[in-house]
Structures are given as C-alpha cells and as structure tokens.
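Engineer: Next input, structure requested:
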Amino acid sequence: MAKEVKATIRLQAPGGQATPAPPIGPALGQHGVNIGQFVQQFNAQTGSLNGMPVTVVIKVYADRSFSFEVKSPPAAALLKEAAQLAKGSGVPNKDKVGSINADQLRSIAERKMPDLNADSIEAAERIVMGTARSMGIELAD
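Structural biologist: Just a heads-up that it's a prediction; the model follows:
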C-alpha cells in the first residue's frame, strides 16, 4: 500500500551547497522532516551543480519520511551562465546585456526539455528564447 502524502513542498536551493538555514529548514521543520538527512541526500545528489539554483519537489509522508525530485536549473540561471552575466537587464527592451548563439540555445532547451510543457525541441527553444528576451539577452547569428 502506498504511503499517504501529508505535504508537497517546492523549493529552490543551491545544488550541492544546501544548508539547514532558511528557506529549507523552516519549510521542512514545520512538517517534522529530518532536515539534516534531507540536506545530506540533496547535496549528494546535486553535488555536480556547484551552487547553481535548482528546484526541488519534496513529498512529505504521514510517517515523516520524505522523497524528493530534483528539477533542472531555471532557464534564467542557465542563460546567465551561457552569456557569462551576473544578472539580466533592468530594461530588456532597451538595454541588451549579452548574447548567446544557436548552439547554446539548443543545449539549454535540451537540458530544460523534461521540465517544459513542450512537444518538440523547437518549441522548447522558443520558450527559452522568450526567457532570454525578457532578460535582455539576444540571439547572435
């Protein structure tokens, strides 16, 4: 028989560098989850991401056990890394802060594909390009 899910929690945490400090500690503590155990398992699974923020979906069961699923990093974080930027533009329609090429766009779209609501890689590219446009990042030819 399947365990009863008591709560589902969605958080963003730095891959491989999570700590029991907020937002992880308070979010899990209110459901009675062993925070240290979660942090240890999460850091072991996301160690290769070197601090890049990732979304994690945690299912807390009635017996206070948990399971979690790590999603891919946000498109904005991947775009900033590809364009080597610290942050996006404050006025993206006027100030362009960087550019990426088609190969970088495709690799980001392929990485994000499982988490996107897209049927094809071209549709995923359009979604990622929309995020890039809103950050002031152009597509270089």
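Engineer: C-alpha from now on. contacts and neighbour counts both.
Structural biologist: OK.
Engineer: domains of the protein?
Structural biologist: 5-70, 75-140 (automatic domain parsing).
Engineer: Pipe these into JSON lines and attach mean pLDDT and mean neighbour count per row.
Structural biologist: JSON lines is the format used below for the domains of the chain (pLDDT from 0 to 100; neighbours: other Cα atoms under 10 Å):
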{"stretch": "domain 5-70", "mean pLDDT": "88", "mean neighbour count": "16"}
{"stretch": "domain 75-140", "mean pLDDT": "88", "mean neighbour count": "17"}
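Engineer: Send me the helix or strand where residue 39 lies as PDB with only the CA atoms.
Structural biologist: Using DSSP states H and E, residue 39 sits in helix 35-45. Coordinates of each C-alpha in helix 35-45 appear next as PDB, following Å, rounded to 0.1, in the frame of the first residue of the first chain:
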ATOM      1  CA  ILE A  35      16.300  18.500   7.900                       C
ATOM      2  CA  GLY A  36      19.900  17.200   8.200                       C
ATOM      3  CA  GLN A  37      19.100  14.000   6.400                       C
ATOM      4  CA  PHE A  38      17.400  15.900   3.600                       C
ATOM      5  CA  VAL A  39      20.300  18.300   3.200                       C
ATOM      6  CA  GLN A  40      22.800  15.400   3.100                       C
ATOM      7  CA  GLN A  41      20.900  13.500   0.500                       C
ATOM      8  CA  PHE A  42      20.200  16.600  -1.600                       C
ATOM      9  CA  ASN A  43      23.800  17.700  -1.600                       C
ATOM     10  CA  ALA A  44      25.000  14.200  -2.500                       C
ATOM     11  CA  GLN A  45      22.600  14.100  -5.500                       C
END
